[in-house]
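**Q** Build me a model:
(one chain, ligands or ions: 1)
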Amino acid sequence: MKFDVLTLFPEMIKSCCGCSILKRAIDNSVIEVNTINPRDFTQSKHKKVDDTPYGGGAGMVLMAQPYVDAYAGVEKLENSLTVMLTPQGKVFNDTMSNEFAQYDQIIMLCGHYEGFDERIREIIKPTEVSIGDFVLTGGELPALCLIDSISRKIDGTLGKIESADKDSFSNGLLEHPQYTKPRNFRGFEVPEVLLNGNHAEIEKYRHEQSLLRTKLRRKDLLFCKKEGKKL
Ligand code: ADE
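**A** So this is what the prediction gives:
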């Protein structure tokens with residue numbers, strides 16, 4: 001999987017991809033993350049990437065030319081998807097993460113501070129994605145959320161020990177509680193059922209806990225499951 005990220009702040013992407021599991025996936029050539037800076041494509045003398053909005057109003061708007069030209073310069077694979085990170089997009093979830101993981105390349109457009117000139121949308125026609133109903137200062141953190149979540153779905157990113165199939169959401173439910181040593185921590189005991197080695201009982205207990213936790217915290221997920229709708 002190749003991620004090509006159009007961003008005015010490539011260091012944000014590079015620094016996060018230089019740590020932990022993403023770094024290992026890149027080192028092992030399971031994923032590739034490239035950054036392209038629209039500022040390198042400006043035609044203006046002062047490398048301007050934004051300007052005041054037509055019609056007036058506060059703030060600045062990202063200019064079409066640097067983004068459209070930077071995008072045109074990205075080599076596109078046959079099976080590729082272009083995503084714009086914006087609070088106006090469809091809210092990202094695990095189903096979308098699985099779908100996006102089927103592509104060979106994801107090209108991401110990140111804004112910063114301000115909105116995109118609408119013609120960027122009109123010309124590039126990206127799939128617009130939000131990571132939630134709040135506004136961040138830019139699309140870099142959302143892009144990293146997608147890169148992280150999608151990479152976890154790709155064979156070779158996670159070791160066996162980090163397996164994704166027991167994750168929250170992977171079966172439509174939140175994950176059951178987990179414990180490790182010691183058995184007693186400051187008077188708080190590990191549930192007895194986890195200590196008896198009876199795997200059928202343990203599975204049953206974990207499933208019940210998963211259901212209970214989902215019911216208490218995210219009833220909406222149970223509703224989606226019952227209706228047979230995607231998460
Ligand atoms: N850019 C700013 N806020 C965002 C959000 N919530 N999701 C995606 N991109 C964004």
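**Q** And for residue 51, nearest residue in space, chain neighbours not counted?
**A** residue 63 (5.7 Å; Cβ to Cβ, 6 or more residues apart in numbering). Every residue, glycine included, has its C-beta placed from N, CA and C.
**Q** mind checking how far that neighbour is from residue 44?
**A** 9 Å (Cβ to Cβ, to the nearest Å).
**Q** can you give me the strands in the protein?
**A** For the chain, the strands defined by DSSP state E occupy 2-6, 32-36, 50-51, 61-62, 80-91, 105-110, 115-116, 127-130, 184-185, 188-189.
**Q** Serialize those strands to a markdown table and add fields for distance to the ligand.
**A** Below are these laid out as a markdown table (distance: least, Cβ to the nearest ligand atom, whole Å):
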| stretch | distance to the ligand |
| --- | --- |
| strand 2-6 | 13 |
| strand 32-36 | 17 |
| strand 50-51 | 15 |
| strand 61-62 | 12 |
| strand 80-91 | 4 |
| strand 105-110 | 8 |
| strand 115-116 | 10 |
| strand 127-130 | 4 |
| strand 184-185 | 37 |
| strand 188-189 | 37 |
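**Q** now these as JSON lines including mean pLDDT and mean neighbour count?
**A** Putting the strands of the chain into JSON lines (pLDDT from 0 to 100; neighbours: other Cβ atoms under 10 Å) gives the following:
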{"stretch": "strand 2-6", "mean pLDDT": "98", "mean neighbour count": "24"}
{"stretch": "strand 32-36", "mean pLDDT": "98", "mean neighbour count": "18"}
{"stretch": "strand 50-51", "mean pLDDT": "96", "mean neighbour count": "16"}
{"stretch": "strand 61-62", "mean pLDDT": "96", "mean neighbour count": "20"}
{"stretch": "strand 80-91", "mean pLDDT": "98", "mean neighbour count": "18"}
{"stretch": "strand 105-110", "mean pLDDT": "98", "mean neighbour count": "24"}
{"stretch": "strand 115-116", "mean pLDDT": "94", "mean neighbour count": "20"}
{"stretch": "strand 127-130", "mean pLDDT": "98", "mean neighbour count": "18"}
{"stretch": "strand 184-185", "mean pLDDT": "98", "mean neighbour count": "10"}
{"stretch": "strand 188-189", "mean pLDDT": "98", "mean neighbour count": "10"}
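**Q** Dump the ones you listed to TSV, plus distance to residue 208.
**A** Putting the strands of the chain into TSV (distance: least, Cβ to Cβ, whole Å) gives the following:
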stretch	distance to residue 208
strand 2-6	39
strand 32-36	40
strand 50-51	53
strand 61-62	50
strand 80-91	29
strand 105-110	38
strand 115-116	47
strand 127-130	34
strand 184-185	23
strand 188-189	18
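**Q** To residue 200, which of these lies closest?
**A** Closest of those to residue 200 is strand 188-189, at 22.0 Å (criterion: Cβ to Cβ).
**Q** give me the low-pLDDT residue ranges for the protein?
**A** Applying pLDDT under 70 to the chain flags the ranges 161, 224-231.
**Q** Quick check: residues of it near the ligand?
**A** 85, 86, 87, 130, 131, 132, 134, 135, 136, 139, 142 (Cβ under 6 Å from any ligand atom).
**Q** repeat that with 8 Å
**A** 85-87, 89, 92, 110-111, 129-139, 141-142 (Cβ under 8 Å from any ligand atom).
**Q** neighbours of residue 23, just the number please.
**A** 12 (other Cβ atoms under 10 Å).
**Q** Output the contacting helices and strands for the helix ranked longest in the chain.
**A** Ranked by number of residues, the top helix in the chain under DSSP state H is helix 199-217. Here helix 199-217 touches helix 219-226, going by 3 or more Cβ pairs under 8 Å, 6 or more residues apart in numbering; DSSP states H and E.
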